[in-house]
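S.K.: Using only what follows, build the 3D model:
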Amino acid sequence: MLREDQEFASIESACGLAEEVIRTFGVVRLRVFGTSMAPAILPGDLVSIERASLNEISTGDVVLFQQRGRFFVHRVVDCKRAAAAGTHEEACLITRGDRLRNDDPPVNSSEVLGRVVSLERNHRKVEIPGRDSNRWIARLLRASDRLTYLYVRFFVSLSDDRRSFFLGRAKCQS
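M.R.: Okay, here's the model as predicted:
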């Protein structure tokens, strides 16, 4: 079993490698582990990210960015101009996980790695749901981490036909 410092170094190396791949080749696929984007994106989903600059991203897009040594896949809720302490004003993105109540710290151009262009769940491509497509489920999940855990466990146990009932507008693509 890895010690905590070894595990952190391993995660840091993986993040560095993924960052290098997207900056060099323009595309990377990553597996999602968190629940901050539930119900749109669930743990275990694969996301494909294409390199994109700040001016190519708009409100509603789901983006990959790196802050505090971690990757985040969150939805853009606003595009603004902001200044960090002692720096000049620059364009930035305001992001938030669909399940979260609060916005992330502003994301500047050097932190943006790309835009999520496809989502794969259970070996099938799935349309990336818009923010409003499952709004009532997101509100319920916002209320409780326990409820989110139960939702994810329940959703994973469903057959494809039953899953499509709960996804609403998210349709499988062949």
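S.K.: Arg31 bridge partners, please.
M.R.: Partner residues in beta bridges with Arg31, using DSSP bridges, are Leu46.
S.K.: And for Ile94?
M.R.: Note on Ile94: beta-bridge partners Asp78, judged by DSSP bridges.
S.K.: Surely it touches Asp78?
M.R.: Yes. Contact status for Ile94 versus Asp78: in contact at 4.0 Å, counting by C-beta atoms under 8 Å. Any C-beta I mention is one placed from the backbone N, CA and C, and that applies to glycine too.
S.K.: so where's the chain shaky on pLDDT?
M.R.: Low-confidence segments of the chain (pLDDT under 70): 1-13, 82-87, 158-174.
S.K.: what are the ranges of the helices in it?
M.R.: Applying DSSP state H to the chain gives helices spanning 4-25, 135-143, 145-157, 160-167.
S.K.: Taking helix 145-157 as reference, get the angle to the second one.
M.R.: Think helix 135-143. Interaxial angle, helix 135-143 versus helix 145-157 (axes from the mean of the first three to the mean of the last three C-alpha atoms, to 10 degrees): 130 degrees.
S.K.: May I have the phi/psi pair for Ala38?
M.R.: Geometry field for Ala38 lists phi and psi as phi -60, psi 140, criterion degrees, to the nearest 10.
S.K.: what residues are up against it?
M.R.: The neighbours of Ala38, taking C-beta atoms under 8 Å, 6 or more residues apart in numbering as the test, are 98-99, 138, 141, 148, 151-152.
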